[in-house]
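**Student:** Have a look; sequence and predicted model below, questions after that.
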Amino acid sequence: AQGRPLGTIVSQPTYLVALFGAATGYGVMILAMTATPIAMVHNHHDLSTAAAVIQLHVLGMFLPSFFTGSLITRFGVLRVMLSGVALLTGHVVMTLTGNGFGSYASALVLLGVGWNFLYVGGTTLLTTTYTAAEKGRAQAINDMTIFVVGLACSFSAGALLQAFGWQMLNVLLLPWLALAALCLIWLGWRQRLAASAFAD
């Protein structure tokens, strides 16, 4: 079977929300993570301290993977993704508490866990939008888009940090996160309406 045309697959609301959620998690994480060591050195931390913060961040990224799938099964993928948005917002809030080690470490742990929930949730949600015959094309568009977003955020991190400073760089992420949250809430509302119509 050839499956549906690529445009039909990609234009599905669930596909678009899944892609936007995963790209948001990845982009926000890459941007903040890349800027962190530069900001820490600028604020008189040595490289070993910056390295310790990044190590904590990486633990925050991957340790939750042991239970993220269970959380998705128990609470639903949209709730886990919304939790990811909330954790990434918590990262932004923590960056405003100062330039000490504790502020950076707490912010970067929240950044890692938030990325995990939003990215894993997004890629899980994506799998509900295509058939086996459509998988290759659907995944290719998703992966390419996320890669481009991550690349753009990585390359722009230094310039944004130079232009706005550490705290303001993170504050500028809030509208992006708010839009992701609205998209997830909208999709949840749409799914509830569809389920209610089906039950009737």
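**Tutor:** Structure's in. What do you need? Numbers count the residues shown, from 1 in each chain.
**Student:** middle-most residue in this protein, spatially?
**Tutor:** Taking CA atoms, centre = their mean, the centroid of the chain lies closest to Gly25, which sits 1.0 Å from it.
**Student:** Looks like that one contacts Gly114 (just checking).
**Tutor:** Yes - here Gly25 reaches Gly114: they are 6.9 Å apart, a contact under CB atoms under 8 Å. C-beta here means a position set from N, CA and C on the backbone, and glycine is covered the same way.
**Student:** Now do the same contact list for Ala32.
**Tutor:** Each residue near Ala32 by CB atoms under 8 Å, 6 or more residues apart in numbering is listed here: 91, 95, 107-108, 111, 157, 169-170, 173.
**Student:** low-confidence ranges in this protein?
**Tutor:** Segments of the chain classed as low confidence (criterion: pLDDT under 70) are 1, 200.
**Student:** where exactly do the helices run in it?
**Tutor:** Listed from the start of the chain, the chain has helices (DSSP state H) covering 6-10, 13-42, 47-62, 65-75, 77-95, 101-126, 135-164, 166-171, 174-199.
**Student:** quick one on the thing from earlier: grab the nearest non-local neighbour of the residue nearest to the centre of the chain.
**Tutor:** Leu118 (3.2 Å; CB to CB, 6 or more residues apart in numbering).
**Student:** Give the burial count for that neighbour, as a bare number.
**Tutor:** 30 (other CB atoms under 10 Å).
**Student:** do Ser83 as well
**Tutor:** Residue crowding around Ser83 was assessed by other CB under 10 Å; the count is 17.
**Student:** how near is the nearest residue to it once chain neighbours are set aside to Leu173?
**Tutor:** Closest residue in space to Ser83, ignoring its immediate chain neighbours: Phe117 at 5.2 Å, by CB to CB, 6+ apart. When distance is defined by CB to CB, to the nearest Å, Phe117 is 16 Å away from Leu173.
**Student:** more crowded one of the two?
**Tutor:** The residue with more neighbours, out of Phe117 and Leu173 and counting by other CB under 10 Å, is Phe117; that gives 26 against 20.
**Student:** wait, the more buried one sits on Thr68?
**Tutor:** Yes - if you go by CB under 8 Å, Phe117 and Thr68 touch, sitting 6.4 Å apart.
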